[in-house]
Structures are given as structure tokens and as C-alpha cells.
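Curious how this folds, go ahead:
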Amino acid sequence: MRKRKFFFITFEGIECSGKSYQSRKLYKNIKNKKKPVLLTREPGGSKSSEEIRSIILSGPKNKFLKTTDTLLYLAARNEHYNKVIKPMIKKKYIICDRFTDSTLAYQVHGKGVDRKLVDILHKNILGKFKPDLTIILIVSIKKAFSRMKKRKNKNRYDKFSKEFYQKVQNSFLKLASKNSKKYLVLDNTNDSKKVEKIIFNKFLKLCSWKK
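This is a model prediction of the structure:
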């Protein structure tokens, strides 16, 4: 992969895969190198997107029709991309906890939303913009549910069946298999510290600066 001054990295995975934790770890490791870096998330990342996030994630799991749910996610992405990511992409390394692959895995493959609708809206919102690297963390469904039980505050997406999360995780793996050069798939079931090191070393390989 060609080295660039700055680039966009996304973390993907099902609930309790450890993606939020690992995205924070990568952020801190880059920050410790005194490099300009931004950590953000979806849904959310901007003031307006965070307001949409609170609407999306609160309430029962079947709060919205599946297309309504998807449109809310894409509305949040439109705000986030144009107000946060786009202005910073040439100024900082950007790490994002979830992005477009989550929409494809959860809404399209998981819930059966029309792929054409999502593709059209993504093209309108993002143009040809895509992550430079996507890190997918996989986890055994049993382990994910064990971690989920320890959460004090659960949102709508913590309330689906094991079959649903397995379907979503399989979708992430299928997405990665189609473009392996831009994906890094890691098993995070055992909470190994090696995962953090592998991710940071992968990041360093993409950089124009050395360790």
C-alpha cells in the first residue's frame, strides 16, 4: 500500500468486539508520537450527528422500520463526513469507530435493506471517498455476549439475537475478503495485548515516518 502523509482508518466489528477500545489505543499510540490525530465515531462525531445518535440508539430494538433506521444512520454520516472528516483529512490521521461497512453489515446484510439505496446515498454523501485501512475485529459470539452482560448501559443494538450478530460478523468477513489489501482482520476473542501491537505496526507501515 502506498505511503501517505495522512490517512483514514476505520474500526469495524459487532458489539463487544473491542473496536472502541482498540481505536482508543491506536489514537493514544499515535498521540504519544506527537503526531496530529483525530479519534471520532459513528453514528456521531459532530454535534448534530451525536444528536441523531441518541435518537438511533435509544429505545426498543424494533423502534424504527429498517429503512428509517438506515436513513438516520446516513443522515448522521452526512453531517459527520462534511463537518468533521472532510475538513481534517489532509491535516490529521483520522481514526473512526465504525463507518460505511457497518451500514452494509448491519442494515443491508443483517436487516435486508436495499443495497442500491445505500449505494446511491453513499455516492451522494461521500463521492469516491473510502477508508485507507479498515480493521475488523472478530470475536466469538459467546464471548461477545459475556462482555455485553457487563455493560451498565445497553442500547438498541445490544439487544439482538446471537444469530443476528453472527450474520453481521460473517458480513464483515465477506467485505474484507473482497479487498484484502485494505483490510486487517484480527481475532480479539482473548483480549490479547498482541492485537494492539499488530494494529500499531500496521499503521506504521503506512506512514512516511519511522518508529
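
only C-alpha atoms for contact and neighbour calcs from this point on.
Fine.

mind listing the helices for this structure?
Here the chain has its helices, by DSSP state H, at 19-32, 47-57, 66-80, 86-88, 100-102, 115-126, 141-149, 162-177, 193-206.

so of these, which one's packed in deepest?
Stretch with highest mean neighbour count among the helices of the chain: helix 100-102 (a mean of 21; mean count of other C-alpha atoms under 10 Å).

how near is the residue nearest the centre of the chain to I135?
What sits nearest the mean C-alpha location of the chain, by C-alpha atoms, centre = their mean, is R98, with 1.6 Å. Note on R98: its distance to I135, by C-alpha to C-alpha, to the nearest Å, is 10 Å.

low-confidence ranges in this structure?
Along the chain, the model assigns pLDDT under 70 to residues 1-4, 208-211.

follow-up on the earlier one: for the residue nearest to the centre of the chain, which residues are in contact?
Shown in contact with R98 (C-alpha atoms under 8 Å, 6 or more residues apart in numbering): T10, F11, E12, G13, R41, E42, P43.

likewise K92?
By C-alpha under 8 Å, 6+ apart, the residues touching K92 are F6, F7, P36, V37, L38.

which residue packs closest to M148, ignoring adjacent ones?
C16 (6.3 Å; C-alpha to C-alpha, 6 or more residues apart in numbering).

Please report the number of neighbouring residues for the one you found.
24 (other C-alpha atoms under 10 Å).

Could you double-check that Y73 sits in contact with E50?
No: checked against C-alpha atoms under 8 Å, the pair Y73 and E50 is beyond contact range at 10.8 Å.

what sits in contact with each of those two?
The contact sets of Y73 and E50 overlap at P43 (C-alpha under 8 Å, 6+ apart).

Next, find the distance separating K167 from H109.
For K167 relative to H109 (C-alpha to C-alpha), the value is 8 Å.

among the helices of the chain, which is nearest N155?
helix 47-57 (5.3 Å; C-alpha to C-alpha).

what helices or strands is the closest one leaning on?
When contacts are defined as 3 or more C-alpha pairs under 8 Å, 6 or more residues apart in numbering; DSSP states H and E, helix 47-57 sits against helix 66-80.

And the contacts of the helix it packs on?
Here helix 66-80 has contacts from 42-46, 48-50, 52-53, 56, 103, 107, 111, 113, 121-122, 125-126, using C-alpha under 8 Å, 6+ apart.

Between helix 47-57 and it, find me the angle.
Inter-element angle recorded for helix 66-80 and helix 47-57: 160 degrees (by axes from the mean of the first three to the mean of the last three C-alpha atoms, to 10 degrees).

CA atoms only for helix 66-80, dumped as PDB, please.
Extracted in PDB, the C-alpha atoms of helix 66-80 (Å, rounded to 0.1, in the frame of the first residue of the first chain):
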ATOM      1  CA  LYS A  66     -35.400  -0.900   8.900                       C
ATOM      2  CA  THR A  67     -35.300   1.800   6.100                       C
ATOM      3  CA  THR A  68     -36.000   4.600   8.600                       C
ATOM      4  CA  ASP A  69     -33.200   3.300  10.800                       C
ATOM      5  CA  THR A  70     -30.800   3.200   7.800                       C
ATOM      6  CA  LEU A  71     -31.700   6.700   6.700                       C
ATOM      7  CA  LEU A  72     -31.000   8.100  10.200                       C
ATOM      8  CA  TYR A  73     -27.500   6.500  10.100                       C
ATOM      9  CA  LEU A  74     -26.900   8.000   6.700                       C
ATOM     10  CA  ALA A  75     -28.100  11.400   7.800                       C
ATOM     11  CA  ALA A  76     -25.600  11.300  10.700                       C
ATOM     12  CA  ARG A  77     -22.900  10.200   8.300                       C
ATOM     13  CA  ASN A  78     -23.600  13.100   6.000                       C
ATOM     14  CA  GLU A  79     -23.200  15.600   8.900                       C
ATOM     15  CA  HIS A  80     -20.100  13.800  10.300                       C
END
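
With that, I have no additional questions.
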